[in-house]
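>>> following is a predicted model, sequence given first.
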Amino acid sequence: MIWQTHEVSNQYEELADYSLYDSDPALREALRRADAGWAEAGLRAYGERLGRADSFELAEQANRHAPELRAFDRRGRRIDQVDSHPAWHQFLALYREQGLVSMPFDSQRPGRWTAAMAGLYLHGQVEAGSLCPATMTQAAIPLLQREPALWAQLGDKLFSRVHDSRDLPLERKTSAWIGMGMTEKQGGSDVRANTTQATPLGAGGRGGEYLLRGHKWFWSAPMCDAHLVVAKTADGAPCCFYLPRWRPDGERNAVRIQRLKDKVGNRSNAGCEVEFQDAWGVLIGEEGRGIPTIIEMAGYTRLNCVIGSAALLRQGVVQALAYARRRMAFGRRLAEQPLMRAVLADLALESEAALLLAARLSEAFEREDEPAQLAWKRIITPAAKFWVCKRAVELSGEAMEVFGGNGYVDGPMARLYREAPLNSIWEGSGNVMCLDLIRALQREPEAWQALLADLTALSGGEPVLIAALAQLRQLAARPAELEPLGRRFAQLLALTAQACLLARHAPEAVAQGFIASRLDDGQWGRVAGALDGGRLDIAAILQRALPD
């Protein structure tokens with residue numbers, strides 16, 4: 001028998017049973033600016049559902065009980081089945097019920113991209129792993145819409161609001177999930193180094209049908225109904241292929257799972273290594289244009305990486321602030337102590353800036369036919385993925401530290417911390433994003449000028465922002481020197497864009513707090529909490545982040 005001889009006091013659980021939507025004024029304002037008021041009722045209900053204590057408990061279960069591989073059935077037949085905990089499927093069902101998978105593409109409603117962003121942002125605060133198949137499926141829709149034969153089979157299943165977890169041929173299912181596979185052992189981000197070979201069926205490929213032989217080093221969400229993959233044809237041209245889990249003849253496709261990855265985080269979502277043993281696939285897009293095709297898909301997933309990291313930042317600051325308002329130390333609540341208030345305010349500034357940037361990019365994806373919007377999409381997206389995802393890595397650690405040792409044991413704060421690095425690595429790590437940004441500047445100088453004009457208008461003539469924009473112009477005017485300065489340039493661009501958005505849309509305390517601490521003092525890489533409290537309205541910043 002274990003005896004407890006003392007009273008437990010001054011110990012508090014993480015915040016639960018609250019509305020993720022109603023507690024976030026910055027999110028509500030972003031939706032209204034985007035004319036997405038039609039989505040508010042649904043998002044409010046979703047925020048209440050996700051904020052319930054039982055939702056956080058479901059997230060704990062989905063991540064504690066990791067997926068398991070069953071390569072063979074009881075009679076020795078190869079099935080390559082990955083079994084996930086029921087809690088995982090509940091989160092996929094919740095997300096799908098909101099229509100968030102297809103929302104950007106199933107209508108022309110104004111604000112649909114911002115509404116989808118908001119749903120992902122709310123969901124990612126509670127269980128981020130289930131966003132992986134949701135993001136990949138959403139990103140596959142515009143590619144598959146251009147393939148009439150495939151779209152006829154898939155369209156209603158991709159737009160479905162019902163989660164169907166059964167491992168069956170697609171024609172027998174009510175909905176579909178789509179994954180993607182690019183990286184191989186020898187290449188990583190260098191997709192042109194791929195060695196997987198695609199051999200046509202019949203002369204020139206019977207109806208675009210091929211057999212694929214090779215491997216993929218990272219194959220996320222293996223129970224998706226199909227994956228889009230890159231492989232090379234006989235002439236070495238990279239092509240994009242649609243690989244279903246089941247072949248048209250009703251047999252399982254020859255995609256063999258070698259092992260599940262033992263990942264740092266994202267543990268609710270299975271990731272694995274696979275080999276193709278003459279796996280059946282269909283060519284999509286133009287022959288030889290596989291990399292641009294799959295990179296188009298990656299462009300959408302990169303946006304969702306930004307949104308997902310903003311979600312982690314938001315949940316970190318909410319939990320840290322709620323805890324600090326209750327926990328006593330040295331005779332006062334933590335939230336009353338000046339040094340802790342500086343840390344909390346810094347987290348709050350970072351969180352709102354990340355949200356505004358994610359919302360602005362969502363608007364750009366919706367209206368990409370306009371030059372200024374296209375400039376945001378092409379140029380700011382890689383900068384935002386570089387910066388926001390990296391800030392989530394650092395600041396999830398700061399939020400965990402507010403809890404002290406209680407944050408380091410298994411629970412929501414530890415899970416946020418383990419989850420954060422994935423978005424920074426997935427779909428192009430930091431250096432890849434910087435190189436993509438530089439290439440976008442060089443390919444589209446007109447877009448760069450349109451972006452500078454838009455940022456100048458947003459700045460409102462704020463001297464610090466005008467100075468930052470001048471520095472960006474100077475750096476971009478030296479293309480031969482830009483690559484070694486790629487991280488500095490991406491950081492300054494992301495910070496300037498965030499500051500301009502805050503200057504236009506946020507309360508003065510938040511906007512000036514961000515500008516003063518990120519750009520005015522020149523300490524871009526400073527540690528969190530190194531604020532000049534005498535210059536900032538910290539009380540207003542904290543009240544904005546989570547009203548008490």
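All right, it came through fine. Numbering: from 1, shown residues only.
>>> what's the neighbour count on Leu452?
As a burial measure, Leu452 scores 18 neighbours (other Cβ atoms under 10 Å). To be clear about C-beta, it is placed using only N, CA and C from the backbone, and glycine gets the same treatment.
>>> no wait, Pro148
8.
>>> quick one: it from Arg74, how far?
According to Cβ to Cβ, to the nearest Å, Pro148 stands 41 Å off from Arg74.
>>> same deal with Arg332?
Taking Cβ to Cβ, one finds Arg332 at 62 Å from Arg74.
>>> quick one, which of these two is more surrounded?
Higher neighbour count among Arg332 and Arg74: Arg332, with 10 against 6, using other Cβ under 10 Å.
>>> specify the beta-bridge partners of that one.
Beta-bridge pairing of Arg332 under DSSP bridges involves Ala329.
>>> report the rounded mean pLDDT for the helix or strand hosting Leu501.
Applying DSSP states H and E as the criterion places Leu501 in helix 486-505. Averaging pLDDT along helix 486-505 gives 96.
>>> relative to helix 486-505, how tilted is the helix or strand following that helix?
Note on helix 486-505: by DSSP H and E, the next helix or strand toward the C-terminus is helix 508-515. Interaxial angle, helix 508-515 versus helix 486-505 (axes from the mean of the first three to the mean of the last three Cα atoms, to 10 degrees): 170 degrees.
>>> and Lys390, that's in a helix?
Yes. Counting by DSSP: H, G, I helix; E, B strand; the rest coil, Lys390 is found in a helix.
>>> make sure Trp38 is indeed in a helix.
Yes. Under three-state DSSP, Trp38 falls within a helix.
>>> from Pro67, how far out is it?
Trp38 is 36 Å from Pro67, by Cβ to Cβ.
>>> higher neighbour count, these two?
Pro67 (21 against 13).
>>> check what pLDDT that one gets.
Note on Pro67: pLDDT of 97.
>>> pretty sure it sits against Lys261.
No. The criterion here is Cβ atoms under 8 Å, and Pro67 misses it with Lys261 at 10.2 Å.
>>> wait, what's in contact with Pro67?
Val82, Asp83, Ser84, His85, Trp88, Leu260, Ser268, Asn269, Ala270 (Cβ atoms under 8 Å, 6 or more residues apart in numbering).
>>> could you rerun that using 10 Å?
For Pro67, the contact set (Cβ atoms under 10 Å, 6 or more residues apart in numbering) comprises 82-85, 88, 129, 221-223, 260, 267-272.
>>> tell me which two in the residues you listed are the farthest apart.
For those, the farthest-apart pair by Cβ to Cβ is His85 and Cys272; their separation is 16.6 Å.
>>> among the two, which residue is more densely surrounded?
It is Cys272, of His85 and Cys272, that has more neighbours when counted by other Cβ under 10 Å, with 21 against 18.
>>> any idea how far that one lies from Arg74?
Distance of Cys272 to Arg74, computed by Cβ to Cβ: 22 Å.
>>> now the helix or strand encompassing Ala375: buried residues?
When secondary structure is defined by DSSP H and E, Ala375 falls within helix 371-375. Using 16 or more other Cβ atoms under 10 Å as the test for burial, helix 371-375 gives Ala372, Gln373, Leu374, Ala375.
>>> quick one: it to chain centroid distance?
A distance of 22 Å separates the centroid of the chain from that of helix 371-375, by Cα atoms, centre = their mean, to the nearest Å.
>>> quick one: list the elements packing against it.
Contacts defined by 3 or more Cβ pairs under 10 Å, 6 or more residues apart in numbering; DSSP states H and E place helix 371-375 against helix 338-366, helix 445-459.
>>> what average pLDDT does the shortest one get?
Average pLDDT, helix 445-459: 96.
>>> gap between it and the chain center?
Relative to its chain's centre, helix 445-459 lies at 25 Å (Cα atoms, centre = their mean).
>>> remind me which residues of the protein are low pLDDT?
Counting by pLDDT under 70, the ranges of the chain that qualify are 1, 187, 203-207, 521-529.
>>> what residue lies at the spatial centre of it?
In the chain, the residue lying closest to the centroid (Cα atoms, centre = their mean) is Cys305, at 2.2 Å.
>>> the protein: strands as residue ranges?
68-72, 78-83, 178-181, 197-200, 209-220, 226-232, 238-244, 255-260, 271-284, 328-329, 332-333 (DSSP state E).
>>> could you dump those strands into JSON lines with distance to Gln319 added?
JSON lines is the format used below for the strands of the chain (distance: least, Cβ to Cβ, whole Å):
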{"stretch": "strand 68-72", "distance to Gln319": "30"}
{"stretch": "strand 78-83", "distance to Gln319": "31"}
{"stretch": "strand 178-181", "distance to Gln319": "31"}
{"stretch": "strand 197-200", "distance to Gln319": "47"}
{"stretch": "strand 209-220", "distance to Gln319": "27"}
{"stretch": "strand 226-232", "distance to Gln319": "35"}
{"stretch": "strand 238-244", "distance to Gln319": "40"}
{"stretch": "strand 255-260", "distance to Gln319": "29"}
{"stretch": "strand 271-284", "distance to Gln319": "26"}
{"stretch": "strand 328-329", "distance to Gln319": "17"}
{"stretch": "strand 332-333", "distance to Gln319": "16"}
